[in-house]
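> Sequence and computational prediction follow.
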Amino acid sequence: MTDATTPRPHPASPAAPVRRSLLIEDARTKRRNAAERRFRAYGVVAIGLAIAALVFLLFTIFRDGSSAFFQTYARIPVAIEAQVVDPAGNRDPAEMQKVLTMGYGKLLDNALAAYVEENGIQIEGLSERDLSTFFSAQGRADLRNAVLADPALVGTVIEAPVMTSSRVDGMFKGRVSRDSAARDAKTSVAQYELAMAMEKQGDLQTRFNWDFVTSTDSSDNRPEAAGLGVAILGSLYMMLIVLVLSLPIGVAASIYLEEFAPKNRLTDAIEVNISNLAAVPSIVFGILGLAVFVNFVGLPRSAPIVGGLVLTLLTLPTIIISTRAALKAVPPSIRDAALGVGASRMQTMFHHVLPLAMPGILTGTILGLAHALGETAPLLLIGMVAFVTTYPSAPPEGFLDPASALPVQVYNWTQRADPAFFERASGAIIVLLAFLLAMNLLAIYLRRKFERRW
Amino acid sequence: MDDVRLAERAVDTDARDIKFQCRDVQVWYGEKHAIKDVSVDLLDKTVTAFIGPSGCGKSTFLRCLNRMNDTIGIARVEGQMLLDGENIYDRRVDPVQLRARVGMVFQKPNPFPKSIYDNVAYGPRIHGLARNRAELDEIVEKALRGAALWNEVKDRLHETGTGLSGGQQQRLCIARAVATAPEVLLMDEPCSALDPIATAQVEELIDELRATFSVVIVTHSMQQAARVSQKTAFFHLGNLVEYGDTDDIFTRPRDPRTESYISGRIG
Ligand SMILES: Nc1ncnc2c1ncn2[C@@H]1O[C@H](COP(=O)(O)OP(=O)(O)OP(=O)(O)O)[C@@H](O)[C@H]1O
Ligand SMILES: [Mg+2]
């Protein structure tokens, strides 16, 4: 054989190839490498843009929202005047109930006036109104509650922290400046100076505000008292319902479809429709929930049970898709092995396949839950926007009580006029992000924990 | 192949019982006719080798013997396969019960991602073969000894089975199959992922297993077929071309196709 020894030219090329040095890139290699470098640059730019957007988003949210976790309180002596809070003079709580919050406002006004006088604070144009709008309406309510709870306080002078109004609070958070106070109908330069003077004396303090996380929503005239308690509880209840319903239903459906269902037109159609459901706009699920659960079944509006059911419908496709992917990813050799020693299909499934698919299933479920936690549109439709100032009771009755939800609360607060609500909306986003982050970390942890090699 | 082994195998095989009696077996994968009119008698306490070019249907036929093909939706089996005189494709037969009697070892070692002990104990557990822990321990030890693995793993029974070497894993799979006390053991190219030393161990093992079971082994290695089997079946394009004593097949093939295959001309 002669052609085994001589170098054979490529059949298509006219001449024998010239041998080139490996140390020099030829034109083709150069072009190829340039394309590769270009492609890598695109990737880096894309990632860079994504990170920049994320950083910007987080930065603005934290800038606007972190102040929601702090609140300014005044600590001045307040005389609980008997003739104001207990006109009947018999310390009977039933009688004292008749004095409304407004009455306690007078106590605070008097206390502040006395404080100004005592400390020799001289401010030009300090009016009665500046004094009466200094404290939050919540401050009066708190005072009233304290006195009603302990009638012995009547006639004494107490020095409890009193919540200031949102404008005064804003002066210490950069929301209200001397200039803006001059233009603002709800405050004045005199009030601004009073607040500054009190702060210098150390009688105004801005401290961490747990109430933001725990207390209920509040009306437009006391934004400084609004909290996330009801929304967090509502979201929590809904997540419970979603988890309890969608995990077993989703996993059972996936196992059936993946392992037992005959492959025919019907199951093909079901499969396609599950994928389609995952892409249906969430507001459609809201309309469905309104029609079915509220109007047809007659469940109460704004109840976590309705929200939970709607969100269950919303998460089911996600869970089914990820569970089926996880089941598919289990190597067929494991099924063969189990069937080969005489395990039934159920035993194969529950002893071998499911445990191996567990990390994938859990990850999918938690990500589905996280998705549901941030879902807003369907909840708006079933009336979870309602203004709720009482906590839902403990489950299971609580599932029927009106409640709010975190993302809806964010939406709600951004719709309100007072800038304090806007600050709170950003604060609520921080809480929501914290929950989402926790859930994602949990997903990662579970995946690591259950991960097994084969 | 050494002469001693050949001579040893020259025992009279015809006197043995028939374990599997297959008559006119047809297998379709959808439209594809994968097994055509195969009739064969597989003997008890005998190693039968299936040989033939790739795609000729060896695995298909083997998987029919314990109805593993049921898991393939498009597979359709016709004809009779009698295990001890009972048709395994009878409507009343539960394939799960059948597979407890006809065990299987696969081409790729596939231990469960569990401990060595649990791998072997799984079959006995689900079939209720042991009444208590001590009995189970005994079954596991016996199976591992039977698979020539006991000495290597006796101190690490609770380590994971996937951490063993390939050859050890395959022997673990054999132990797992043996532990359910099957009557027939099907092996689909059990040594294709193993090195020569592990292969030799498994082959030795197969030879020992023959004392208790009927063994059916698919192999691509003529030498292996010659070394371990007493009966050989040659498949070609879905047909059973020739079936007979291993010695005869390898020394005096009757069909020209068999001859070309074993001399390496078709494959
Ligand atoms: N699951 C399946 N679906 C469709 N066709 C299949 C399937 N399994 C096998 N076949 C076809 O059936 C024929 C026989 O396949 P089989 O796996 O039995 O061959 P084999 O003899 O074991 O080959 P090899 O030696 O390569 O393992 C082949 O033509 C193959 O394409
Ligand atoms: Mg095969």
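The structure has been received and is ready for your questions. Ligands and ions are numbered 1, 2, ... in the order given.
> For the stretch 351-454 of chain A, give me the ranges with low pLDDT.
Residue ranges of the stretch 351-454 of chain A with pLDDT under 70: A:452-454.
> Show me where it has its strands.
Counting by DSSP state E, counting those that start in this stretch, the stretch 351-454 of chain A forms no strands at all.
> next one: the stretch 151-267 of chain B
Using DSSP E, counting those that start in this stretch, strands in the stretch 151-267 of chain B cover B:184-188, B:214-218, B:231-236, B:239-245.
> So which of those strands is nearest chain A?
Closest approach to chain A among the strands of the stretch 151-267 of chain B is made by strand B:184-188 (8.5 Å; C-beta to the nearest C-beta). For every residue, glycine as well, the C-beta is placed using N, CA and C.
> quick one: strands adjacent to that closest one?
Within its sheet, and counting by DSSP bridges, strand B:184-188 is paired with strand B:102-105 (parallel), strand B:214-218 (parallel).
> Up against chain B, what does chain A have?
Counting by C-beta under 8 Å from any C-beta of the partner chain, chain A comes close to chain B at A:262-263, A:331, A:333-344, A:347, A:351-352, A:356, A:452-454.
> run the last query once more with 7 Å
Contact residues (C-beta under 7 Å from any C-beta of the partner chain) of chain A with chain B: A:263, A:333-334, A:336-337, A:339-344, A:347, A:352, A:356, A:452-454.
> of those, buried ones?
Applying 16 or more other C-beta atoms under 10 Å in any protein chain shown to the residues of chain A next to chain B, the neighbour count classes A:333-334, A:336-337, A:339-344, A:347, A:352, A:356 as buried.
> Closest to A:D26 out of those residues?
Distance to A:D26, by C-beta to C-beta, is smallest for A:S333 among those, at 45.8 Å.
> which element is B:E78 on?
strand B:75-83 (DSSP states H and E).
> what comes up buried for that strand?
B:75, B:77, B:79, B:81-83.
> Direction included, what does that strand pair against?
Its sheet considered, strand B:75-83 pairs with strand B:18-29 (antiparallel), strand B:86-87 (antiparallel) by DSSP bridges.
> how about A:G383, what does it touch?
By C-beta atoms under 7 Å, 6 or more residues apart in numbering or on different chains, A:G383 lies in contact with A:301-302.
> Near chain A, which residues of chain B are found?
Counting by C-beta under 7 Å from any C-beta, chain B sits next to chain A at B:68, B:71, B:73, B:96, B:99-100, B:103-104, B:106, B:108, B:110, B:112-113, B:122-123, B:126-127, B:162, B:176-177, B:180.
> Out of the residues you listed, which end up buried?
With neighbours counted by 16+ other C-beta under 10 Å, the residues of chain B next to chain A contain buried members at B:68, B:71, B:96, B:99-100, B:103-104, B:106, B:108, B:110, B:112-113, B:122-123, B:126-127, B:162, B:176-177, B:180.
> What is the burial count for residue 253?
As the question left the chain open, I've gone with chain A. Per other C-beta atoms under 10 Å in any protein chain shown, the neighbour tally for A:A253 reads 20.
> please go with chain B instead
Using other C-beta under 10 Å, B:P253 is surrounded by 20 other residues.
> from memory it sits against B:S260, does it?
No: with contact defined as C-beta atoms under 7 Å, B:P253 does not count as touching B:S260 (9.0 Å).
> domain assignment for chain A?
Using automatic domain parsing, the domains assigned to chain A come out as A:71-209, A:229-450.
> Would you mind giving these as CSV with distance to ligand 1 added?
Listed next are the domains of chain A as CSV, based on distance: least, C-beta to the nearest ligand atom, whole Å:
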stretch, distance to ligand 1
domain A:71-209, 65
domain A:229-450, 11
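> among the ones you listed, which is nearest A:R63?
In terms of C-beta to C-beta, the element of these nearest to A:R63 is domain A:229-450, at 8.1 Å.
> quick one, what contacts the closest residue in space to A:S127 that isn't next to it in sequence?
In space, and not counting its chain neighbours, A:S127 is closest to A:A190: 6.8 Å by C-beta to C-beta, 6 or more residues apart in numbering or on different chains. Residues in contact with A:A190 (C-beta under 7 Å, 6+ apart) are A:123-127, A:130.
> how many other residues sit next to residue 47?
Since you didn't name a chain, this refers to chain A. The number of residues packed near A:I47 is 10, by other C-beta under 10 Å.
> hmm, I had chain B in mind actually
For B:V47, the count of nearby residues is 26 (other C-beta under 10 Å).
> which residues sit in contact with it?
With contact taken as C-beta under 7 Å, 6+ apart, B:V47 is in contact with B:206, B:210, B:215, B:217, B:228-230.
> hmm, 8 Å instead?
Going by C-beta atoms under 8 Å, 6 or more residues apart in numbering or on different chains, B:V47 touches B:206-207, B:210, B:215-217, B:228-231.
> Kindly report the same for A:D86.
Listed by C-beta under 8 Å, 6+ apart, the contact set of A:D86 reads A:95-96, A:99, A:151, A:154.
> can you list the strands paired with strand B:75-83 in TSV and add mean neighbour count, mean pLDDT and distance to ligand 1?
Below are those laid out as TSV (neighbours: other C-beta atoms under 10 Å in any protein chain shown; pLDDT from 0 to 100; distance: least, C-beta to the nearest ligand atom, whole Å):
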stretch	mean neighbour count	mean pLDDT	distance to ligand 1
strand B:18-29	17	92	3
strand B:86-87	13	91	22
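> one step back: output the strand holding B:E78 as PDB, restricted to C-alpha atoms.
Extracted C-alpha coordinates of strand B:75-83, given in PDB (Å, rounded to 0.1, in the frame of the first residue of the first chain):
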ATOM      1  CA  ALA B  75     -43.100  -3.200  23.700                       C
ATOM      2  CA  ARG B  76     -45.500  -6.100  22.800                       C
ATOM      3  CA  VAL B  77     -44.800  -9.700  23.500                       C
ATOM      4  CA  GLU B  78     -46.600 -12.700  21.900                       C
ATOM      5  CA  GLY B  79     -46.000 -16.400  22.200                       C
ATOM      6  CA  GLN B  80     -45.500 -18.600  25.300                       C
ATOM      7  CA  MET B  81     -42.800 -18.400  27.900                       C
ATOM      8  CA  LEU B  82     -43.400 -21.100  30.500                       C
ATOM      9  CA  LEU B  83     -41.500 -21.000  33.800                       C
END
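> which residues are contacting that strand?
Residues outside strand B:75-83 that contact it (C-beta under 8 Å, 6+ apart): B:19-29, B:38, B:60, B:64-65, B:69, B:87-89, B:98, B:101-102, B:183-184.
> Right, and chain B sits closest to which residue of the stretch 151-300 of chain A?
Using C-beta to the nearest C-beta, A:K263 is the residue of the stretch 151-300 of chain A that sits closest to chain B, at 5.5 Å.
> So the residue nearest to that residue when sequence neighbours are not counted versus A:N264, what's the distance?
Once flanking residues are discounted, A:K263 sits nearest to B:G73: 5.5 Å by C-beta to C-beta, 6+ apart. According to C-beta to C-beta, to the nearest Å, B:G73 stands 10 Å off from A:N264.
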